[in-house]
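**Student:** Okay, structure incoming, though there's no sequence with it:
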Ligand SMILES: NC(=O)c1ncn([C@@H]2O[C@H](COP(=O)(O)O)[C@@H](O)[C@H]2O)c1NC=O
């Protein structure tokens, strides 16, 4: 085993001191000599763990309020020395080898997240010596061991115990990757913070949390390789944002079924984010990123039954999302009725799991409860660039909408309008949704002209034997011409919700009045491309 390297001397320098005492104790028990910076050294000494302060070892005091403490050739020489090559240089310069470094960095993210954080606070929390040691040790991983995360302390100790006080190259290399990931994320955060100071002036007034930084630095962690991408000739992987801590397709636990595909993940995201909009039992069935059936119900089974009824043809091989614990009756109904790719719910009862287990291929996901709305950014890759925007969190309520027609909507229609409007937000533009009694009646998605989406919603409803009469209609953006209104009227729509704002609004309102329809404007559109 020529890849193992003994740990004889370690340097510990941590801001977050969680677990460091136990780690230091265990290293000491293995006969490791400990070096440490001021605060860490004091903690160790106070707990009777033998330790030498870095400043005593280098013969140079920590200066400038800690800005310079480990930036010394006796430290970096000890870390970076190539074992078997640099021994003479080390001896000439009284440098001793440092075999393990455990560092975690000044809490930059936590500092800038605090309300009222000044530029001076942020600057003082940029760690310099820490990342330098992290990178030195990771660079020399052939001989040295870097630990940047307290969760790895136990693993290193266990490996040393199993290898006579040494670590293996495999572990050192893995820890080195983690170290470079860590410093990349840290520097990315700092660059983003400074990058929001536009124009580039180093003053507090120039810092604007809501601004988009000059360069966009973000880190995503690979969750899994995928068999292929959107098509089988495309390679793909799924990366997750470690900063996001909420119920999502990224954090969901897969309880059973075949591995998720690229399209499964994208469609599950659409279904889950849509079903999150609703209070009370709700079900969303998605096919190719568009909801093909959405419904509310007295319970989940009823919600599913009704969502399925919208478009059983498209629901075949779809993705089903619920906003409440999936129960046995609903699970049984799905299994009995249809081929489904993915089912996702905040919780899945044991009885429901047992029922779905009969269909071994069905991917069953549990994502946990949600109580906050997503605040993260939304990205779209274009050739040569990246579009970044706030997520569409806008949603009007009844108090915000304005009745523009002569006819007033009834209270039932108003309820349906809000339901329909929420669904339209998740349908690809041009989006038209017909709905009645908290159930979609027809969905027209992704057409290049609004009138065709309106026609398609009507055709689909007719094909599935659904009665459009007295349904309401939502349009994700304004109608440029009255033809969409006429198509809706011909299909039997009695009430419309749309943003308004067309130069032909007057003509559109007149068309609604002509057909005896009620119409409300939201003043907010929900394009989804
Ligand atoms: N200036 C330096 O040479 C230096 N060397 C290590 N640090 C950091 O000082 C912190 C530990 O300090 P202490 O042990 O004094 O609590 C660690 O987060 C470490 O990353 C430094 N601080 C900032 O750069």
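**Tutor:** Done, it's in. What you see is a predicted model, and the numbers here were worked out from it, not measured in a lab.
**Student:** Can you give the domain ranges for this protein?
**Tutor:** The record's domain parsing of the chain by the TED database lists 5-194, 247-366, 402-521.
**Student:** got those domains as JSON lines, with mean pLDDT, mean neighbour count and distance to the ligand columns?
**Tutor:** (Each C-beta comes from the backbone N, C-alpha and C, glycine too.) What follows is the domains of the chain, written out as JSON lines (pLDDT from 0 to 100; neighbours: other CB atoms under 10 Å; distance: least, CB to the nearest ligand atom, whole Å):
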{"stretch": "domain 5-194", "mean pLDDT": "96", "mean neighbour count": "18", "distance to the ligand": "2"}
{"stretch": "domain 247-366", "mean pLDDT": "97", "mean neighbour count": "20", "distance to the ligand": "29"}
{"stretch": "domain 402-521", "mean pLDDT": "96", "mean neighbour count": "21", "distance to the ligand": "44"}
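**Student:** which stretches of the stretch 351-500 of the chain form helices?
**Tutor:** Taking DSSP state H, counting those that start in this stretch, the helices of the stretch 351-500 of the chain run over residues 411-424, 450-463, 483-491.
**Student:** List of residues touching the second one?
**Tutor:** Yep, that's helix 450-463 we're talking about. For helix 450-463, contacts defined as CB atoms under 8 Å, 6 or more residues apart in numbering pick out 311, 313, 430-434, 441-447, 467-468, 471, 473, 475, 477, 479-481, 483-484, 487-488, 490-492.
**Student:** what about the closest residue to residue 52 other than its chain neighbours, which SS state?
**Tutor:** For residue 52, ignoring the flanking residues on the chain, the nearest one in space by CB to CB, 6 or more residues apart in numbering is residue 35 at 5.4 Å. The three-state label given to residue 35 by DSSP: H, G, I helix; E, B strand; the rest coil is strand.
**Student:** Same check on residue 334?
**Tutor:** Residue 334 is classified as helix under three-state DSSP.
**Student:** one step back: can you say which of the helices of the stretch 351-500 of the chain is nearest to residue 289?
**Tutor:** helix 411-424 (13.7 Å; CB to CB).
**Student:** Tell me how many other residues surround residue 523.
**Tutor:** 12 (other CB atoms under 10 Å).
**Student:** how about it, phi and psi?
**Tutor:** phi 70, psi 0 (degrees, to the nearest 10).
**Student:** And the pLDDT at it?
**Tutor:** Note on residue 523: pLDDT of 96.
**Student:** Which one of the residues in the stretch 351-500 of the chain is closest to the ligand?
**Tutor:** Closest contact between the stretch 351-500 of the chain and the ligand, by CB to the nearest ligand atom, is at residue 376 (27.6 Å).
**Student:** now that residue, nearest residue through space, not along the chain?
**Tutor:** Excluding the flanking residues, the one nearest residue 376 by CB to CB, 6+ apart is residue 244, at 5.5 Å.
**Student:** what about the one you found, distance to the ligand?
**Tutor:** Distance of residue 244 to the ligand, given as CB to the nearest ligand atom, to the nearest Å: 25 Å.
**Student:** quick one: that residue and residue 250 touch, right?
**Tutor:** Yes - counting by CB atoms under 8 Å, residue 244 touches residue 250, with 6.9 Å between them.
**Student:** just the helices in the stretch 51-200 of the chain please.
**Tutor:** 54-58, 73-80, 87-92, 108-113, 119-124, 129-139, 153-162, 169-195.
**Student:** Now that residue 476 has come up, it's in contact with residue 527, right?
**Tutor:** Yes - between residue 476 and residue 527 there is a contact at 6.2 Å, judged by CB under 8 Å.
**Student:** Please enumerate the shared neighbours of those two.
**Tutor:** residue 429.
**Student:** what's near enough to touch the closest residue in space to residue 321 that isn't next to it in sequence?
**Tutor:** Once flanking residues are discounted, residue 321 sits nearest to residue 271: 3.6 Å by CB to CB, 6+ apart. For residue 271, the contacting residues are 284, 285, 286, 291, 319, 320, 321, 342, 344, by CB under 8 Å, 6+ apart.
**Student:** So residue 271, which state does it fall into?
**Tutor:** With three-state DSSP as the criterion, residue 271 reads helix.
**Student:** For residue 287, see how far away it is.
**Tutor:** 9 Å (CB to CB, to the nearest Å).
**Student:** Over to residue 519?
**Tutor:** Using CB to CB, we find residue 519 at a distance of 29 Å from residue 287.
**Student:** Kindly report the same for residue 146.
**Tutor:** Taking CB to CB, one finds residue 146 at 48 Å from residue 287.
**Student:** got it, and residue 426?
**Tutor:** From residue 426 to residue 287 the distance is 12 Å (CB to CB).
**Student:** Also residue 127?
**Tutor:** Per CB to CB, residue 127 is found 49 Å from residue 287.
**Student:** ok, residue 169 - contacts?
**Tutor:** 3, 4, 5, 141, 142.
**Student:** Check these and tell me the two furthest apart.
**Tutor:** Pairwise distances across the contacts of residue 169 (CB to CB) peak at 13.0 Å, for the pair 4 and 141.
**Student:** Which residue does the stretch 401-529 of the chain have closest to the ligand?
**Tutor:** Nearest residue of the stretch 401-529 of the chain to the ligand: residue 528, at 43.9 Å (CB to the nearest ligand atom).
**Student:** Wait, that residue touches residue 445, no?
**Tutor:** No - shown here, residue 528 and residue 445 do not form a contact pair, counting by CB under 8 Å, at 9.3 Å.
**Student:** shared neighbours, the two?
**Tutor:** 427, 428, 431.
**Student:** now the residue lying closest to the last one once chain neighbours are set aside: how far from residue 291?
**Tutor:** Taking CB to CB, 6+ apart as the measure, residue 431 lies nearest to residue 476, with 3.9 Å between them; neighbours along the chain are not counted. Applying CB to CB, the value for residue 476 to residue 291 is 12 Å.
**Student:** and for the two, which residues touch both?
**Tutor:** By CB under 8 Å, 6+ apart, the residues touching both residue 476 and residue 291 are residue 427.
**Student:** Spit out the contact partners of the residue nearest to residue 427 when sequence neighbours are not counted.
**Tutor:** In space, and not counting its chain neighbours, residue 427 is closest to residue 445: 4.8 Å by CB to CB, 6+ apart. Residues in contact with residue 445, defined by CB under 8 Å, 6+ apart, are 290, 427, 428, 431, 432, 453, 456.
**Student:** please redo it, this time with the cut-off set to 7 Å
**Tutor:** Counting by CB atoms under 7 Å, 6 or more residues apart in numbering, residue 445 touches 290, 427, 428, 431, 453.
**Student:** if you look at those, which of them are in strands?
**Tutor:** residue 290 (DSSP state E).
**Student:** wait, which of the contacts of residue 445 is closest to residue 389?
**Tutor:** Once CB to CB is applied, the member of the contacts of residue 445 that ends up nearest residue 389 is residue 428, at 16.3 Å.
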